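Participant: the sequence and its predicted three-dimensional model are supplied below.
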Amino acid sequence: AYDLDDDGVPELVSGWSNGKLEVRLESTGEIVYKDNLGSAVAAVDVADYRMDGKDELIVCSVNGEVKGYLPAERVADDAGLNNIGGDGAGSLMDADANEERIQSLAQTRAELLFQLQALDARVGKGASSNTSSVIPVSTRLDHRLEQNVRAGAIDLVLNCTPPAVITGAL
């Protein structure tokens with residue numbers, strides 16, 4: 001457990017054999033940060049890696065890769081960002097939120113492209129093989145104007161032979 005988001009509550013840190021590192025909220029299990037190492041995670045520890053008197057999260061892979069993670073607030077302190085808007089901009093947590101937003105937008109884009117392709121296929125198929133929307137040459141359209149006393153208007157009355165649904169008139 002390590003307090004990566006610097007809210008005073010330690011999060012659950014887990015390393016996986018595929019190199020994935022996840023930091024989850026203890027209360028809900030929601031992922032608040034994730035990263036990938038080049039190989040399986042061999043160890044997860046908390047120690048003073050930078051020798052500045054403050055503990056960091058340290059993750060080691062089986063191939064010798066070592067990564068250190070600072071709490072979100074300390075990342076901002078070290079970068080001199082704490083005074084910019086007071087929100088610690090530039091922290092690991094902000095970068096993770098941006099990454100999740102990009103992934104969400106990419107997923108939405110993929111879904112919309114799939115829907116567009118389905119519509120294109122349906123329109124293309126309908127234009128080549130569907131003759132039910134073609135009006136027969138023998139169709140006759142009659143029209144007349146009738147006074148509508150109740151509405152105080154004149155109605156345009158359309159009649160089609162053979163019977164058909166009229167969806168609009170100009």
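Facilitator: Now that the structure is in, tell me what you want to look at.

Participant: what strand or helix carries residue 34?
Facilitator: According to DSSP states H and E, residue 34 maps onto strand 31-36.

Participant: alpha carbons of that strand, as PDB, please.
Facilitator: Coordinates of each C-alpha in strand 31-36 appear next as PDB, following Å, rounded to 0.1, in the frame of the first residue of the first chain:
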ATOM      1  CA  ILE A  31      -7.800   2.300 -10.800                       C
ATOM      2  CA  VAL A  32      -6.200   5.700 -10.100                       C
ATOM      3  CA  TYR A  33      -2.900   5.000 -11.900                       C
ATOM      4  CA  LYS A  34      -1.400   2.400 -14.200                       C
ATOM      5  CA  ASP A  35       1.900   1.900 -15.900                       C
ATOM      6  CA  ASN A  36       3.600  -0.900 -17.900                       C
END
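
Participant: show me what the longest helix seen in the chain is packed up against.
Facilitator: Ranked by residue count under DSSP state H, the longest helix found in the chain is helix 92-129. Counting contacts by 3 or more C-beta pairs under 8 Å, 6 or more residues apart in numbering; DSSP states H and E, helix 92-129 packs against strand 31-36, helix 72-79. All C-beta spots, glycine's among them, are computed from the backbone N, C-alpha and C.

Participant: and the angle from it to strand 31-36?
Facilitator: Angle between the axes of helix 92-129 and strand 31-36 is 80 degrees (criterion: axes from the mean of the first three to the mean of the last three C-alpha atoms, to 10 degrees).
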